[in-house]
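>>> Fold the following, please.
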Amino acid sequence: MDEIDRLSEFLQRLTPLSRSCLLSELERLELCGIDMPGSADIQARLRAEFRKDGSTQARATSPSRYFFAPLELLLIDGAPEHANMGRISRNTLTPIWEWICRDLLPTMARDYIKAIGDQVAANNPKEVQKIASTFQTKVVKVLESTLTSPESAESARAKLGQYTASRTAFDDVLKMLHVLRAGDALPKFNAKLPEKIGKFDDGQVAQITAQLDAFKKAHPQALPFALALVARRLKTSWQLVRLATRAAASKAAADVAATPYACVVPMVLDRLDDKRLALRVALRHNRVLIARDLLAEIYDTEYALKVRIDGIEHCEWGVRLQQLMDAIAALVSAEVSRFPSNVGHILGSRRLRSHDTIGGKLSYLAWKGRDAMQDGAAAFRKLIGQT
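Next comes the predicted model:
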């Protein structure tokens with residue numbers, strides 16, 4: 001028996017759920033930059049089984065898809081190894097589902113899967129949704145009971161660890177709990193948002209802030225997910241910081257950190273980290289044009305954060321920003337160094353830093369002038385208040 005036959009025999013011994021979990025785990029390791037010999041062949045075989053379109057993005061099977069439906073707008077396709085406030089990695093859904101079916105609620109999960117299958121076969125979507133909602137409620141109640149003590153929470157973490165080595169899978173379980181608790185509040189909030197927010201000006205910021213204030217009052221633990229839904233509507237992700245900077249007494253990092261929506265700054269840094277991972281993948285596969293566009297977005301985000309938050313380099317946000325930019329610089333340097341010094345590389349072009357152009361410098365001067373006026377007005381109001 002040759003190696004291919006042995007591999008096929010091994011895979012067939014696994015349950016379909018285990019094979020799906022294995023595929024998600026192999027893809028997670030690849031996104032983390034971990035190369036495993038033979039992984040490509042295994043992934044190809046498993047994708048042919050589970051994803052008829054050959055997609056490299058995990059898609060839940062039918063029963064779990066209905067269960068995880070409330071999370072759909074919050075899912076990201078990427079390595080679940082770094083912070084992603086308000087979002088959940090799609091690659092953790094398969095191990096979470098296997099944990100629910102085997103450890104958390106095995107009997108109820110079997111009943112749920114059979115009921116869903118029967119109603120899907122009967123083409124009864126309303127009943128399917130009702131069954132999924134009922135099972136979601138049961139899972140929420142069991143999770144709330146399971147996570148009441150550090151000991152039971154640690155036991156749950158250990159059992160989940162049997163299905164994935166991801167360090168953030170348990171965090172995604174907690175996120176899932178917050179989303180399911182919020183019920184239909186997140187879909188309703190999402191429906192009220194503009195389809196696209198091309199210009200996140202003061203008027204739009206004020207309008208969105210009012211909506212967020214009302215949502216936060218009713219569902220404080222689900223606020224990061226509401227913010228993630230806002231970010232989906234923005235033309236550029238760094239604009240999310242305006243929810244904090246507009247409400248701040250000044251542009252100083254300490255004043256921005258004191259605002260109710262200061263958490264948007266780490267969320268923007270999370271998205272910058274996403275772009276770093278995407279850049280690494282693009283360079284690994286020699287997709288230079290994609291890498292160029294990603295790098296331009298990265299530079300724009302770095303510039304916006306430094307311009308809009310004074311003294312950011314001296315706080316925790318700035319430390320993380322510098323670490324990300326150092327890692328990105330190392331990726332770019334390694335790529336550029338593959339070519340002779342007398343051959344220009346597109347990733348080394350100064351044009352990627354749009355703020356270094358004449359138009360960018362004029363925009364910077366306009367921002368500084370507006371900021372000076374706003375800071376002066378804020379100081380005047382403060383003086384009046386003191387007198």
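
>>> from here on, contacts and neighbour counts on C-alpha atoms
Fine.

>>> so where's the protein uncertain?
1-5, 7-8, 17, 28-37, 50-61, 78-83, 339-346, 348-352, 354-387 (pLDDT under 70).

>>> Which parts of it are strands?
For the chain, the strands defined by DSSP state E occupy 75-76, 88-89.

>>> Out of those, which one sits most buried?
Mean neighbour count, computed with mean count of other Cα atoms under 10 Å, is highest for strand 88-89 among the strands of the chain, reaching a mean of 24.

>>> Partner strands of it and their direction?
Taking DSSP bridges as the criterion, strand 88-89 forms sheet pairs with strand 75-76 (parallel).

>>> What lies in contact with the strand it pairs with?
The set of residues that contact strand 75-76 without belonging to it, under Cα atoms under 8 Å, 6 or more residues apart in numbering, is Arg87, Ile88, Ser89, Arg90.

>>> how about these in CSV, adding distance to Ala334?
As requested, the contacts of strand 75-76 are arranged in CSV below (distance: Cα to Cα, whole Å):
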residue, distance to Ala334
Arg87, 31
Ile88, 31
Ser89, 28
Arg90, 30
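
>>> And those residues, which is closest to Glu195?
Using Cα to Cα, Arg87 is the member of the contacts of strand 75-76 that lies nearest Glu195, at 19.4 Å.

>>> tell me the phi and psi of that closest one?
Dihedral pair for Arg87: phi -140, psi 160, per degrees, to the nearest 10.

>>> Excluding chain neighbours, what is closest to it?
The shortest distance from Arg87 to any non-neighbouring residue, by Cα to Cα, 6 or more residues apart in numbering, is to Leu74 (4.9 Å).

>>> Tell me the spacing between that neighbour and Ser64.
With distances taken as Cα to Cα, to the nearest Å, Leu74 is found 16 Å from Ser64.

>>> Name the nearest residue to Pro224, sequence neighbours excluded.
Of all residues beyond its chain neighbours, the one nearest Pro224 is Gly86 (4.4 Å), with distances taken as Cα to Cα, 6+ apart.

>>> Against Asp172, how distant is the one you found?
From Gly86 over to Asp172 the distance is 10 Å, taken as Cα to Cα.

>>> returning to what we had before: contact partners for the residue nearest to Pro224?
With contacts defined as Cα under 8 Å, 6+ apart, Gly86 is in contact with Leu74, Lys175, Leu223, Pro224, Phe225, Ala226, Leu227, Ala228, Met267.

>>> In JSON lines: the strands of the chain, plus distance to Tyr299.
Output for these, formatted as JSON lines (distance: least, Cα to Cα, whole Å):
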{"stretch": "strand 75-76", "distance to Tyr299": "22"}
{"stretch": "strand 88-89", "distance to Tyr299": "25"}
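
>>> Just give me the neighbour total for Glu154.
A total of 14 residues lie near Glu154 under the criterion other Cα atoms under 10 Å.

>>> Then Val319?
Using other Cα under 10 Å as the criterion, Val319 is surrounded by 13 other residues.

>>> same check, this time on Glu25
Here the neighbour count serves as a burial measure; for Glu25 (other Cα under 10 Å) it reads 22.

>>> go on, Ala329?
Residues contacting Ala329 under the criterion other Cα under 10 Å number 14.

>>> State the distance from it to Leu277.
Using Cα to Cα, one gets 13 Å for the distance from Ala329 to Leu277.

>>> again with Phe215
To Leu277, Phe215 is 32 Å away according to Cα to Cα.

>>> Check Arg320 too.
With Cα to Cα as the criterion, Arg320 and Leu277 are 15 Å apart.

>>> Arg246 too?
Shown here: Arg246 relative to Leu277, a distance of 30 Å by Cα to Cα.

>>> what's the answer for Lys192, then?
In this structure, Lys192 and Leu277 are 32 Å apart, going by Cα to Cα.

>>> same deal with Gln43?
In this view, Gln43 and Leu277 are 20 Å apart by Cα to Cα.

>>> Compare the two and say which is more crowded by neighbours.
Between Gln43 and Leu277, counting by other Cα under 10 Å, Gln43 is the more crowded of the two (21 against 17).

>>> Wait, that one touches Ser20, no?
No: counting by Cα atoms under 8 Å, Ser20 is not a contact partner of Gln43; they are 10.0 Å apart.

>>> Ser166 and Glu25, how far apart?
In this structure, Ser166 lies at 8 Å from Glu25, with Cα to Cα as the measure.

>>> Then Ala304?
In this structure, Ala304 and Glu25 are separated by 35 Å, where distance is defined by Cα to Cα.

>>> wait, Val173 sits on Trp97?
No: judged on Cα under 8 Å, Val173 makes no contact with Trp97 at a distance of 10.0 Å.

>>> and the gap between the closest residue to Ser18 other than its chain neighbours and Gln119?
Once its chain neighbours are removed from consideration, Ser18 has its nearest residue in Glu98; the separation is 7.8 Å (Cα to Cα, 6+ apart). Glu98 sits at a distance of 22 Å from Gln119 (criterion: Cα to Cα).

>>> cool, and Met85?
Taking Cα to Cα as the measure, Met85 falls 35 Å from Gln119.

>>> Quick check on the two: which one has the bigger neighbour count.
With neighbours defined as other Cα under 10 Å, Met85 and Gln119 compare such that Met85 has more, 20 against 16.

>>> Could you pull up the residues touching that one?
The neighbours of Met85, taking Cα under 8 Å, 6+ apart as the test, are Pro224, Phe225, Pro266, Met267, Asp270.

>>> Understood, closing this out.
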